[in-house]
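Trainee: got a structure for you, letters missing:
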């Protein structure tokens, strides 16, 4: 792996860095080249705060080459151009990613409530990976997730070629015609 980009700091989106860090520091990965770690604005301090409480303050920066990206500014990682665009996820700073390579474009919603920004993020992409966590639309108040119907609406508005839903509990049924991400899924675009 050449690079990791973190969309936001809810633990289910970055928590795997903890055992990886320990493995790089003391375990079987200590002789491996670590991937670049791209973080949202202020992410370096977020990781130092976590390290102070649960390990050592510099545990992440001593193991990963850390970089912070800026909203709307493309950065290059692993031979790809990645543009982070803000998406609504309750009150937390969160970014979807538009990933462009020489032959294809992928859009990743991260966790997001309904927003026109999703259609722009995935505009004419070859693949739109979009979260669809909720069983139904209509969640009230500050939003942070989509229903399957809302993910489909963002997909249709974007003009993207293919939709794969993610971040969906396995207990929720998936309507016919939808494709869901799963462990081990490989997609060629």
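Mentor: Received it, and whenever you're ready, just let me know what you need. Just so it is clear, the model here is predicted, and its values are computed rather than measured.

Trainee: quick one: low-confidence parts of the protein?
Mentor: By pLDDT under 70, the chain contains no weakly predicted segment.

Trainee: and the helices in it, which stretches?
Mentor: 17-26, 43-54, 116-121, 148-158 (DSSP state H).

Trainee: any chance of TSV for those, columns mean neighbour count?
Mentor: In short, each C-beta sits where N, CA and C put it, glycine included. Listed next are the helices of the chain as TSV, based on neighbours: other C-beta atoms under 10 Å:
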stretch	mean neighbour count
helix 17-26	16
helix 43-54	16
helix 116-121	19
helix 148-158	20
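
Trainee: among the ones you listed, which is nearest residue 133?
Mentor: helix 148-158 (9.2 Å; C-beta to C-beta).

Trainee: just the residues contacting that closest one, thanks.
Mentor: Around helix 148-158, the neighbours that count as contacts under C-beta atoms under 8 Å, 6 or more residues apart in numbering are 107, 109, 114, 116, 118-125, 128, 130-132, 134, 136-137, 146, 163, 165, 168, 172, 174-175, 178.

Trainee: now do 7 Å
Mentor: The contact list for helix 148-158 (C-beta atoms under 7 Å, 6 or more residues apart in numbering) reads 114, 118-119, 122-123, 125, 128, 130-132, 137, 163, 165, 175, 178.

Trainee: which of these sit farthest apart?
Mentor: Among the contacts of helix 148-158, 123 and 175 lie farthest apart (C-beta to C-beta), at 24.2 Å.

Trainee: tell me which of these two has more neighbours.
Mentor: When residue 123 is set against residue 175 and neighbours are counted by other C-beta atoms under 10 Å, the residue ahead is residue 123, at 15 against 8.

Trainee: for the more buried one, give me its contacts.
Mentor: Taking C-beta under 7 Å, 6+ apart, one finds 158, 159 in contact with residue 123.

Trainee: next one: residue 121
Mentor: 85, 96, 98, 107, 109.

Trainee: now, of those residues, which are buried?
Mentor: 85, 96, 98, 107, 109 (16 or more other C-beta atoms under 10 Å).

Trainee: dump these to CSV, plus distance to residue 40.
Mentor: Formatted as CSV, these follow (distance: C-beta to C-beta, whole Å):
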residue, distance to residue 40
85, 12
96, 11
98, 15
107, 17
109, 15
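
Trainee: how about the strands in the chain?
Mentor: 3-5, 36-39, 66-68, 75-77, 80-86, 95-100, 105-108, 127-131, 163-166 (DSSP state E).

Trainee: return the most buried member of the ones you listed.
Mentor: strand 127-131 (a mean of 26; mean count of other C-beta atoms under 10 Å).
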